[in-house]
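**Student:** Let me see the structure of the following:
(2 chains)
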There are 2 protein chains.
Amino acid sequence: MAAVRVALLGCGVVGSEVARALAPGSAHAAELAARAGAELELVGIAVRDADRPRPEGVDRSLLTTDAAALVRRADVVVELVGGIDPVRGLLLDALAAGASVVTANKALLAEHGPQLHAAADAAGVDLFFEAAVAGAVPIIGPLRESLAGDRVERVLGIVNGTTNYVLDAMDTSGADLADAVARAQELGYAEADPTADVEGFDAAAKAAILATLAFHVPVAAADVHREGITAVTAADVAAAADAGSVIKLLAICERITAGDGTEGVRARVHPALLSRDHPLAGVRGAYNAVFVQAAAAGELMFYGQGAGGLATSSAVLGDLVTVARRRVAGGRGPRVLDHADLPVLGMDGALTRYQVRLEVADRPGVLAAIAQVFADHGVSIETVRQSAGRPGTSDGGARSAALVVVTHTAPDADLAATVAALGDLDAVAAVASVLRVEGD
Amino acid sequence: MAAVRVALLGCGVVGSEVARALAPGSAHAAELAARAGAELELVGIAVRDADRPRPEGVDRSLLTTDAAALVRRADVVVELVGGIDPVRGLLLDALAAGASVVTANKALLAEHGPQLHAAADAAGVDLFFEAAVAGAVPIIGPLRESLAGDRVERVLGIVNGTTNYVLDAMDTSGADLADAVARAQELGYAEADPTADVEGFDAAAKAAILATLAFHVPVAAADVHREGITAVTAADVAAAADAGSVIKLLAICERITAGDGTEGVRARVHPALLSRDHPLAGVRGAYNAVFVQAAAAGELMFYGQGAGGLATSSAVLGDLVTVARRRVAGGRGPRVLDHADLPVLGMDGALTRYQVRLEVADRPGVLAAIAQVFADHGVSIETVRQSAGRPGTSDGGARSAALVVVTHTAPDADLAATVAALGDLDAVAAVASVLRVEGD
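**Tutor:** Residues are numbered from 1 along each chain as shown, chains lettered A, B, ... in the order given. This is a model prediction of the structure:
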């Protein structure tokens, strides 16, 4: 059987692991060849700077700066560069020329997934991307194949290890956000500029990919309602702990049937309170997990390492073997974008629950006034907890109290309007925080 | 595109769900067809008694008692009958005739898997069996494809819902085994004759399948060391709780490198103590979960419903769509039995840890005598806990105490010999229980 020619784009932490695994003569390469049914021949590694030092085990003679020429010599292109350009053009060229593609590029898939899937379909080749979501955790394959006979109703994921590490550290140590982010940076869990993680951009791209697979509808990152964790305070985390909950940054993808029977899908990323009883609440540190609810299968959970060069290389190499096996034996998997004609909905109509923490004047009638605001907006209150009143300030300010209100589910827009109206109330000194509640 | 002809063998709880999903004109059937790329046409349902009442939605005109003739008219055979004969002959005939097979038959796969895989390979068709292990939980697909680029080192599974329900009920309520089994029978979690579950036969078949996939080596049910849960007492469960542990029936598949560098694989099923911190410890009721350690991916966990007609039908239909898609677009997945030339090892050399509970005479020197027995067998003690002494019996018996010894890892045969020698010791009134300790 002729060897399958593999082109590697990028030689960072994941790429160098892949290059080492494919080194001729290694036991690992022999195992991969046996499973694929043909040798996997690494024909080149495209890098920006061919002179830079590379980790041990990377064959420098394979390095090239001419990615376009390399792609034309490959049966399978493994893309680990990231970003949109020039990668998009290279991969579209590769697919059009009949090469299959394995990529970990969540940003590209979230923005241009439909174009790439269409190009792969047109050429009759494979586009695989297990490593793009939740690192080593097999979630793309299960959604694409194992659950192909089921109807996915909801996906709830912890898909960003940096923010999970930060929120877990806040929960464990009582640290505030800035300290927890600094600690994550020291340990290499957060980048020097943590914006993509803490503002939820990374999780939103992954939510778009998960929603596309789960519902067979193109969902782009721009369709995802996104809120980061930057507003989460140590006081929020402590209040959550008091209520038997943790705060997690969740990627939530839902298939929704409205009252009139019309269906749609929605994807959103935001911090949320989650009961400590929920399987996702126990996901610690930089680990990832994806919780899936399907009509027949019921509740499923997939858990593991969401990042790291070695762990992510497991997902890349699994895809590579599967794709190479198909080059050898022919064929393609179930279709990602087949048919579902469902609108992608915005956040306004989403039914969610809020936990609102208020600083209020500690005097009779305040709770009644606040309850009236909720009632005026048609929002039903589930629980109210009131902390002990605090003495007034030394310059004669009034006594104040803290009030935590948890609502039943209501349209997100109504909840937002309620919060706005509460802020205008005389008796409310401040809206200390607003967090959604998920998981039941 | 021509329809893919599907033959269904068996119409029990899972089969009737599959039949309903394939009913022409249903929304579900349309979704399955879109994902597969062709209509899935149910051409017949083989049953033993065509006159028996069937659940609503099952088209009686499809029922036949001639399974052999039905199989010859199919592109894909979905087997949900169970047992070895006559199913084995039917499926070998189907594979030889070029049909692909989807089956949930763990006993058949555990006993004749290599023959079936070889028949599928020879005919160039697919043999899929996601539903055979852990019901709706995608674990076969991830082991077969997602982890095809990695080296699996260890699989630790809770793969029998009945025994997990029973052990969880004992842990939660303090019930003894007989009461917990009776309760499981009332709720439909255990069969009238619970032998296959409580004696570990069901879990052993699943362990054989998992080991075969994980290590690419044929492992049969007879190769699996098997102990059931019938010896687990309420006192064992209470003692485990005192030690911060739970008792679970685990299916354990390991790839082992001996001191001399030789490699082998081992599969075993037995009850074991597991720290409450372990992700598997939180698997409650009749749920299943499989914990995988791989060289690159690290620790992964897959969790969900292990049984039930609807949940299991999700796994069957996922396989059916994938297999049908391959009928339409060609091709086959990574090879299950490719090459690994590893011996399948017995239990004697296994390195395990024991927790031994002893009833001993409450007098000086007893602990020294007991410790000497462990030392004589080269077994190192990790902890000893001694409960308060109990008064002697009314007929003048000596005061006795309970001693719980947890060992470091040692060869299983040495541990067993230690336990036998302890039983011969004068100071030991009884060896109350012996349980292995797993999970670290």
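
**Student:** The residue of the stretch 1-150 of chain A found nearest chain B and B:Leu320: what is the separation?
**Tutor:** Nearest residue of the stretch 1-150 of chain A to chain B (Cβ to the nearest Cβ) works out as A:Gly149 at 2.4 Å. No exception for glycine: its C-beta is placed from N, CA and C like everyone else's. Here A:Gly149 is placed at a distance of 6 Å from B:Leu320 (Cβ to Cβ, to the nearest Å).

**Student:** who has more neighbours, the two?
**Tutor:** A:Gly149 (31 against 28; other Cβ atoms under 10 Å in any protein chain shown).

**Student:** Can you name the residues of the stretch 1-150 of chain A that neighbour chain B?
**Tutor:** Within the stretch 1-150 of chain A, the positions lying close to chain B (Cβ under 8 Å from any Cβ of the partner chain) are A:17, A:21, A:28, A:30-32, A:34-37, A:124, A:130, A:136-138, A:141-142, A:145-150.

**Student:** Filter these down to the buried ones, ChimeraX style.
**Tutor:** ChimeraX command restricting these to the buried ones, with burial defined by 16 or more other Cβ atoms under 10 Å in any protein chain shown:
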select /A:17,21,28,31,32,34,35,36,37,130,136,137,138,141,142,145,146,147,148,149,150
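
**Student:** In helices, which of the residues of the stretch 1-150 of chain A next to chain B appear?
**Tutor:** Taking DSSP state H as the definition of helices, the residues of the stretch 1-150 of chain A next to chain B contribute A:17, A:21, A:28, A:30-32, A:34-36, A:141.

**Student:** any chance of these in JSON lines, plus pLDDT?
**Tutor:** Formatted as JSON lines, those follow (pLDDT from 0 to 100):
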{"residue": "A:Glu17", "pLDDT": "96"}
{"residue": "A:Ala21", "pLDDT": "96"}
{"residue": "A:His28", "pLDDT": "92"}
{"residue": "A:Ala30", "pLDDT": "92"}
{"residue": "A:Glu31", "pLDDT": "90"}
{"residue": "A:Leu32", "pLDDT": "93"}
{"residue": "A:Ala34", "pLDDT": "88"}
{"residue": "A:Arg35", "pLDDT": "87"}
{"residue": "A:Ala36", "pLDDT": "88"}
{"residue": "A:Gly141", "pLDDT": "93"}
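
**Student:** Spatially, which two of these are the most separated?
**Tutor:** Across those, the longest distance by Cβ to Cβ is 23.5 Å; it joins A:Ala30 and A:Gly141.

**Student:** Where does the prediction get shaky in the stretch 151-300 of chain A?
**Tutor:** By pLDDT under 70, the stretch 151-300 of chain A has no low-scoring segment.

**Student:** Please repeat the previous calculation with a cut-off of 80.
**Tutor:** Scanning the stretch 151-300 of chain A for pLDDT under 80 picks out A:258-259.

**Student:** can you list the residues of it near chain B?
**Tutor:** So the stretch 151-300 of chain A meets chain B at A:151, A:216, A:279, A:282, A:294, A:296-300 (Cβ under 8 Å from any Cβ).

**Student:** let's go with 6 Å and repeat that
**Tutor:** A:296-298, A:300 (Cβ under 6 Å from any Cβ of the partner chain).

**Student:** okay, those residues in TSV with secondary structure, distance to B:Val366 and neighbour count next?
**Tutor:** Shown next, in TSV, are those (DSSP: H, G, I helix; E, B strand; the rest coil; distance: Cβ to Cβ, whole Å; neighbours: other Cβ atoms under 10 Å in any protein chain shown):
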residue	secondary structure	distance to B:Val366	neighbour count
A:Ala296	coil	58	24
A:Ala297	coil	54	31
A:Gly298	strand	52	19
A:Leu300	strand	51	27
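
**Student:** which helix of chain A spans the most residues?
**Tutor:** Within chain A, and with DSSP H defining each element, the longest helix by residue count is helix A:309-329.

**Student:** Show me what it is packed against.
**Tutor:** helix A:13-21, helix A:27-36, strand A:100-103 (3 or more Cβ pairs under 6 Å, 6 or more residues apart in numbering or on different chains; DSSP states H and E).

**Student:** Going along the chain, name the helices of chain A.
**Tutor:** A:13-21, A:27-36, A:67-71, A:87-96, A:106-123, A:140-141, A:161-173, A:177-186, A:195-198, A:201-215, A:234-242, A:309-329, A:366-376, A:412-424.

**Student:** Show me the contact partners of stretch A:431-439.
**Tutor:** Stretch A:431-439 is contacted by residues A:236, A:250, A:270, A:272-275, A:278, A:352-359, A:419, A:422-423 when judged by Cβ atoms under 6 Å, 6 or more residues apart in numbering or on different chains.

**Student:** Generate a PyMOL selection restricted to the buried entries among the residues you listed.
**Tutor:** In PyMOL, a selection of the buried entries from the contacts of stretch A:431-439 looks like this (16+ other Cβ under 10 Å):
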select buried, chain A and resi 236+250+270+272+273+274+275+278+352+353+354+355+356+357+358+359+419+422
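
**Student:** Would you format the helices of chain A as JSON lines with distance to B:Ala69 included?
**Tutor:** What follows is the helices of chain A, written out as JSON lines (distance: least, Cβ to Cβ, whole Å):
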{"stretch": "helix A:13-21", "distance to B:Ala69": "49"}
{"stretch": "helix A:27-36", "distance to B:Ala69": "37"}
{"stretch": "helix A:67-71", "distance to B:Ala69": "52"}
{"stretch": "helix A:87-96", "distance to B:Ala69": "45"}
{"stretch": "helix A:106-123", "distance to B:Ala69": "38"}
{"stretch": "helix A:140-141", "distance to B:Ala69": "36"}
{"stretch": "helix A:161-173", "distance to B:Ala69": "55"}
{"stretch": "helix A:177-186", "distance to B:Ala69": "65"}
{"stretch": "helix A:195-198", "distance to B:Ala69": "60"}
{"stretch": "helix A:201-215", "distance to B:Ala69": "39"}
{"stretch": "helix A:234-242", "distance to B:Ala69": "63"}
{"stretch": "helix A:309-329", "distance to B:Ala69": "30"}
{"stretch": "helix A:366-376", "distance to B:Ala69": "67"}
{"stretch": "helix A:412-424", "distance to B:Ala69": "58"}
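
**Student:** Thanks a lot, see you next time.
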